[in-house]
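Novice: structure for this input, please:
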Amino acid sequence: MKPKLLFLAPQNPYPPIDGGKISIYYPVKYLSKFFEIFFITPVKQIDKKVNRAIKHFENMGVKYFPVVKNTDDKIIDLLKNVFNKIPFKWYKYYSDEIYKLCVKLMIKENINYNFTSAPHMALYAVKLKKFNPNLKIYLREHNIEFSLVEQFVNLTKNPVYKLIGIWQLKKSRFLEQKYWELFDKIFFISDHDYETAKRLRPDLVSKFYVLYDGFEINKTCEGNEYSKAFIIPTNITTIQNQISVKWFIEKIWIPSFDYIKQNNLVLSITSGSERKWKKILGIHNLEQFNIRFLGFIENIDEELCKHKYVISPTIMGSGLRLKILHGMALGKVVFATGYDVKTVKVFKDMDNIVEFNNSIEFIKKIKIIEENPTLFNTLSKNAVKTIQKYFNWNYYAKIIFKISLEENYESAPSWQTLST
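Specialist: Reported below is the predicted structural model:
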């Protein structure tokens, strides 16, 4: 009989069409091989999409319990947050109804383990631990969340947003580290975040693990003909993506345009309409710079395969970029900033990924690769091998299962750094 695990996440991840959903969906899928999963998320309403998700997870052997809870940002909730120790962006996910359901399931099913996806849902786990001190609670850190708030404070020019950001940063920095104290184990998805956590809280090192997300390789691109050149797969709704794409176009692409134009290179950007991107970027003649907007893409694998290179232009954020794993899994040559490359130790410049930090470096490396087809093929093959070896969801789930079976929770296993 499988041990029972309560899985808490901030959103319904089905279908898994973006990074946030994918990072919830696949842990549920693969952990269900080792645990009997009771899966709870807030949803805005119980509609056809949610009912399809319930059925989908049921077919997977997972019991899914969506609970109606509107997690949209509201000004009134931000004002009320003055009287709350929990950051506004986290507390909006809390509801007594969800908590009562968790308690009911724990008692009825005799659940001994909890896996919480992101600090946004951590309050439930902490309260459940108080209710049942024998419950083992594990936290997955997709990012070090307070670092994102800190980056926002440093980047925003709006004085009102900056004040709100500073206020929320104090709460986030304190509470996130408090959660690290209260959880039994904390999983970071990048070496960079793991090292940051160790530096901030060396007293908690025995609780910390780096465990890379996996990536399902469903196909690799076939043939050597590419209809376009570069693509940035992105999500227009997140501020860090907007800032990073704007930086890439202004600081890398346009300064490199003489070479780009001479070689008929094209940049494609997914997600969002051309009108929205032009407003975000503040540039209205992007067509003259060989930039195209693809909008929402139904089959992202197919679209990526049309392009020779994938770009990850990250200049802020935390964790690990899904676009990098996706591109590498398809055998694409991925160009990524130093900010991205430093996230995991297995990324090696000009071996399985291409690092750039300015337009000169960007053009220099494009020229080298374009003039050396053997190097291009080596980068492509090494990218796929890297995903196969280090980014495996089954390994991910197996390690968490092993940790759950550890008898001695006082000492860290010899495989503390799990993915290297």
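
Novice: tell me the residue furthest from the middle of the protein?
Specialist: Distance from the C-alpha centroid of the chain, by C-alpha atoms, centre = their mean, peaks at Gln262 (36.2 Å).

Novice: so where's this protein uncertain?
Specialist: Along the chain, segments meeting pLDDT under 70 span 223-228, 318, 407-420.

Novice: quick one: the strands in the chain?
Specialist: Along the chain, the segments classed as strands by DSSP state E run 4-8, 36-43, 63-68, 113-117, 136-141, 185-188, 208-210, 228-232, 267-270, 291-295, 307-312, 333-337, 354-356.

Novice: got those as a markdown table, with distance to Leu79 and mean neighbour count columns?
Specialist: Just so you know, the C-beta spots here come from the backbone N, C-alpha and C atoms, and that holds for glycine as well. Shown next, in a markdown table, are the strands of the chain (distance: least, C-beta to C-beta, whole Å; neighbours: other C-beta atoms under 10 Å):
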| stretch | distance to Leu79 | mean neighbour count |
| --- | --- | --- |
| strand 4-8 | 27 | 24 |
| strand 36-43 | 21 | 22 |
| strand 63-68 | 23 | 18 |
| strand 113-117 | 27 | 25 |
| strand 136-141 | 29 | 23 |
| strand 185-188 | 32 | 25 |
| strand 208-210 | 36 | 22 |
| strand 228-232 | 37 | 22 |
| strand 267-270 | 36 | 22 |
| strand 291-295 | 36 | 17 |
| strand 307-312 | 37 | 24 |
| strand 333-337 | 37 | 25 |
| strand 354-356 | 43 | 22 |
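
Novice: just give the closest residue to Phe248, not the sequence neighbours.
Specialist: Spatial nearest neighbour of Phe248, chain neighbours left out: Pro313 (3.5 Å); criterion: C-beta to C-beta, 6 or more residues apart in numbering.

Novice: what's the answer for Asp184, then?
Specialist: In this structure, Asp184 finds its nearest non-sequential neighbour in Lys136, 5.0 Å apart by C-beta to C-beta, 6+ apart.

Novice: show me what contacts the one you found?
Specialist: Counting by C-beta atoms under 8 Å, 6 or more residues apart in numbering, Lys136 makes contact with Asn112, Tyr113, Asn114, Asp184, Lys185, Ser404, Tyr409.

Novice: re earlier: looking at the strands of the chain, which is nearest to Lys323?
Specialist: Closest to Lys323 of the strands of the chain is strand 307-312 (C-beta to C-beta; 5.1 Å).

Novice: who's the closest residue to Ala197 other than its chain neighbours bridged to?
Specialist: Distances taken as C-beta to C-beta, 6+ apart place Phe208 nearest to Ala197, at 5.4 Å, with adjacent residues excluded. Assessed by DSSP bridges, Phe208 has beta-bridge partners Ile186.

Novice: measure Phe208 to Val103 for me?
Specialist: Look at Phe208 and Val103: by C-beta to C-beta, to the nearest Å, they are 28 Å apart.

Novice: kindly report the domain assignment for the protein.
Specialist: Structurally, the chain divides into domains by automatic domain parsing as follows: 4-214+392-405, 228-390.

Novice: could I get these as a markdown table with distance to Thr220?
Specialist: Shown next, in a markdown table, are these (distance: least, C-beta to C-beta, whole Å):
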| stretch | distance to Thr220 |
| --- | --- |
| domain 4-214+392-405 | 16 |
| domain 228-390 | 5 |
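
Novice: still on that earlier bit, make TSV from the strands of the chain and add distance to Lys348 to it.
Specialist: As requested, those are arranged in TSV below (distance: least, C-beta to C-beta, whole Å):
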stretch	distance to Lys348
strand 4-8	34
strand 36-43	36
strand 63-68	40
strand 113-117	29
strand 136-141	24
strand 185-188	20
strand 208-210	17
strand 228-232	21
strand 267-270	25
strand 291-295	30
strand 307-312	15
strand 333-337	12
strand 354-356	9
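
Novice: contacts for the top helix by length along the chain next, please.
Specialist: Assignment by DSSP state H gives helix 159-182 as the longest helix of the chain. Helix 159-182 is contacted from outside by 78, 85-90, 119, 122, 126, 129, 137, 139, 144-146, 149-150, 152-153, 156, 186, 197, 200-201, 204, 207-208, using C-beta under 8 Å, 6+ apart.

Novice: pull out the buried residues from those.
Specialist: By neighbour count, with 16 or more other C-beta atoms under 10 Å, the contacts of helix 159-182 hold 86-90, 119, 122, 126, 129, 137, 139, 144-146, 149-150, 152-153, 156, 186, 197, 207-208 as buried.

Novice: let me see the ranges of the helices in the stretch 301-420 of the chain.
Specialist: When assigned using DSSP state H, counting those that start in this stretch, the helices of the stretch 301-420 of the chain occupy the ranges 322-329, 338-341, 359-370, 373-390, 393-405.

Novice: out of those helices, which is closest to Phe38?
Specialist: Nearest of those (C-beta to C-beta): helix 393-405, 14.8 Å.

Novice: can you name every helix or strand that that closest one contacts?
Specialist: Helix 393-405 makes packing contacts with helix 19-31, strand 136-141 when contacts are defined by 3 or more C-beta pairs under 8 Å, 6 or more residues apart in numbering; DSSP states H and E.

Novice: flag every buried residue along it.
Specialist: In helix 393-405, counting by 16+ other C-beta under 10 Å, buried: Trp393, Tyr395, Tyr396, Ala397, Ile399, Ile400, Phe401, Ile403, Ser404.

Novice: circling back to that earlier point, cross the contacts of helix 159-182 against helices and list the overlap.
Specialist: Of the contacts of helix 159-182, the ones assigned to helices by DSSP H are 78, 88-90, 122, 126, 129, 145-146, 149-150, 152-153, 197, 200.

Novice: cheers, nothing more for now.
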